[in-house]
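K.L.:
Would you be able to build a 3D model of this:
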Amino acid sequence: MRRVVITGIGIVAPNGVGRVAFSEAIAEGRSGVGPIESFDATGLPVRIAGEVKGFDVTPYLGEHKKNAKVMSRAVNFAVGAAALAAEDAGIDPDRVDPARFGVCMGTGITPMALGELAAPIAAGMARDGTLDWKQFSIAQAESMFPLWLMKHLPNMAAAHISILHQAMGPNNTIVTACAAGTQAVGEAFRLIARGDADLMLAGGCDSRLDPLLLVAYQAMNALSRSTRAPAEVSRPFDGERDGFVLGEGAAVLMLESLQNARRRRAKIFAEVTGYGSSFDAYGITRPEPTGKGAALSIHAALREAKTDPSAVNYINAHGTSTRLNDIMETNAVKRVFGHRSKTIPISSQKSMVGHLIGASGALEAAATAITLDRGVIPPTINQATPDPNCDLDYVPNTAREDSVRVAMSNSFGFGGQNASLVLARV
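P.N.:
The predicted model follows:
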């Protein structure tokens, strides 16, 4: 098995585009949460989000600018993040074997623009209030953009990235809710480790800032109803947390074999040493409260990394700011790390960007690699009120300089999906 390292980091996040801007933002505890601007949220129960403002994908498309017409908002972010990762890694396209270059992306639901359906629904509405599907189909077929479907297929992020970078090797799409980005990085790591690829662009993208989905998440009581200032609403592990803030964006890592990275004298941010996944088998929306399922994932990652729990000196938390997740995650850490739990720094970037769902794990893996490289642990902001059930060191409010050598990044998704990564300094 070959050693695998991270040589490029591409970020499109609510609080920064590009590795440097994002690194500075999380070190400063700067939030990207604010009022929604991409559509009129007036009258909706939730009007704030971790929104990416004014992102233009055009500069990243090269000769494929026409493809922008069939890209969803999330794919726009993915394409930008992948280009930034490749640039950050200093990859020379002329020296890459396309057959050994792959892509693995995590993602989720692509919102459907309900406005596009308004006219055909009106045309197909019968006098008795039912929908005449024949008339609806005729009206929709006449008004629909011929390649409309391409915006809504989950594999389109990986497809567009592969076309733009001539990556003809393994190509995978992971759709496992909030664990998708972490699993995408983990699966890409294994492809390189076992020799199936030399280079992989791996990460996640998501955008669910959509009126229907905002209402749907609110109906589940998943989103915060706080009336605080937007930047203060997402507060993982805090005693006054009441739900997460929806975010959007993308993060993509350039993974390659250590041998390849050293041969071309690339900067190495971190090594990926282990990946684990598990399932709660407990509930669709509620995590197993004692952290049993999450602990299995953490143990699996440590086992593959051949790393004793005593070696871990930073944990990048899933940390959603919901009552149930944050307690479960605290319990999972205690299960695995025992008496050391209270001495390990733990922090959540969701306090600054909200919950990016399918992109969250990739963004957090990127933040973990940045922590290993810079020696600065980002804080969990908005820590003001202790919760007796969340009693670990969450690096409250202020970044901490620390020479981290081994770190974990954990993600826990709806349905009970768990994924963990172990990263280390080289």
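K.L.:
Could you chop the chain up by domain?
P.N.:
Domain ranges of the chain: 4-111+152-424, 115-150, per automatic domain parsing.
K.L.:
where among these is the average confidence lowest?
P.N.:
Set side by side, these differ in mean pLDDT, and domain 115-150 is lowest with a mean of 86.
K.L.:
Same question for it: list its buried residues.
P.N.:
For domain 115-150, a neighbour-count test (16 or more other C-beta atoms under 10 Å) marks L117, P120, G124, F136, A139, Q140, M150 as buried. From N, CA and C alone the C-beta is placed, and that goes for glycine too.
K.L.:
quick one: contacts for the fourth one?
P.N.:
F136 makes contacts with P120, I121, A123, G124, as judged by C-beta atoms under 8 Å, 6 or more residues apart in numbering.
K.L.:
pretty sure it is in a helix, no?
P.N.:
Yes. Counting by DSSP: H, G, I helix; E, B strand; the rest coil, F136 is found in a helix.
K.L.:
Mind giving me the packing neighbours of whichever strand or helix holds V422?
P.N.:
Per DSSP states H and E, V422 falls inside strand 417-424. The elements that strand 417-424 packs onto, with contact taken as 3 or more C-beta pairs under 8 Å, 6 or more residues apart in numbering; DSSP states H and E, are helix 180-193, strand 270-279, helix 292-305, helix 360-374, strand 406-413.
K.L.:
chain center to that strand, what's the gap?
P.N.:
Centroid separation for strand 417-424 versus its chain: 13 Å, with C-alpha atoms, centre = their mean, to the nearest Å.
K.L.:
now swap in stretch 98-112 and tell me
P.N.:
13 Å.
K.L.:
follow-up on the earlier one: partner strands of the strand holding V422, with direction?
P.N.:
Strands that pair with strand 417-424, judged by DSSP bridges, come out as strand 270-279 (antiparallel), strand 406-413 (antiparallel).
K.L.:
Export these as a markdown table, with columns for distance to E63 and mean neighbour count.
P.N.:
Shown next, in a markdown table, are those (distance: least, C-beta to C-beta, whole Å; neighbours: other C-beta atoms under 10 Å):
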| stretch | distance to E63 | mean neighbour count |
| --- | --- | --- |
| strand 270-279 | 33 | 22 |
| strand 406-413 | 35 | 28 |
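K.L.:
Quick one: closest of those to G32.
P.N.:
Ranking these by proximity to G32 (C-beta to C-beta) places strand 406-413 first, at 19.4 Å.
K.L.:
My guess is R405 contacts N313. True?
P.N.:
Yes. Look at R405 against N313 with C-beta atoms under 8 Å: they come within range, at 6.3 Å.
K.L.:
on that earlier part again, nearest approach to A219 belongs to which of the strands paired with strand 417-424?
P.N.:
strand 406-413 (18.9 Å).
K.L.:
how far off helix 180-193 does the closest one point, in degrees?
P.N.:
130 degrees (axes from the mean of the first three to the mean of the last three C-alpha atoms, to 10 degrees).
K.L.:
C-alpha coordinates for strand 406-413, CSV please?
P.N.:
Taking C-alpha atoms only, strand 406-413 is exported to CSV below (Å, rounded to 0.1, in the frame of the first residue of the first chain):
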residue,chain,number,x,y,z
VAL,A,406,-1.9,13.6,14.2
ALA,A,407,-5.5,14.8,13.7
MET,A,408,-8.9,13.3,13.0
SER,A,409,-11.8,14.7,11.0
ASN,A,410,-15.3,13.2,11.6
SER,A,411,-18.6,13.4,9.8
PHE,A,412,-22.0,12.0,10.8
GLY,A,413,-24.9,12.1,8.4
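K.L.:
still on that earlier bit, orientation of the strand holding V422 relative to helix 292-305 in degrees?
P.N.:
Using the same axes, to 10 degrees: strand 417-424 against helix 292-305 is 30 degrees.
K.L.:
buried sites along stretch 42-60?
P.N.:
Applying a neighbour-count criterion of 16+ other C-beta under 10 Å, one finds V46, I48, A49, G50, E51, V52, V57, Y60 buried in stretch 42-60.
K.L.:
again with stretch 156-176
P.N.:
156-162, 164-165, 167, 169-174, 176.
K.L.:
Out of the contacts of F136, list just those in helices.
P.N.:
Secondary structure from DSSP state H places P120, I121, A123, G124 of the contacts of F136 in helices.
K.L.:
Can you tell me which of the residues you listed comes closest to N410?
P.N.:
Using C-beta to C-beta, the ones in helices among the contacts of F136 come closest to N410 at I121, 42.6 Å.
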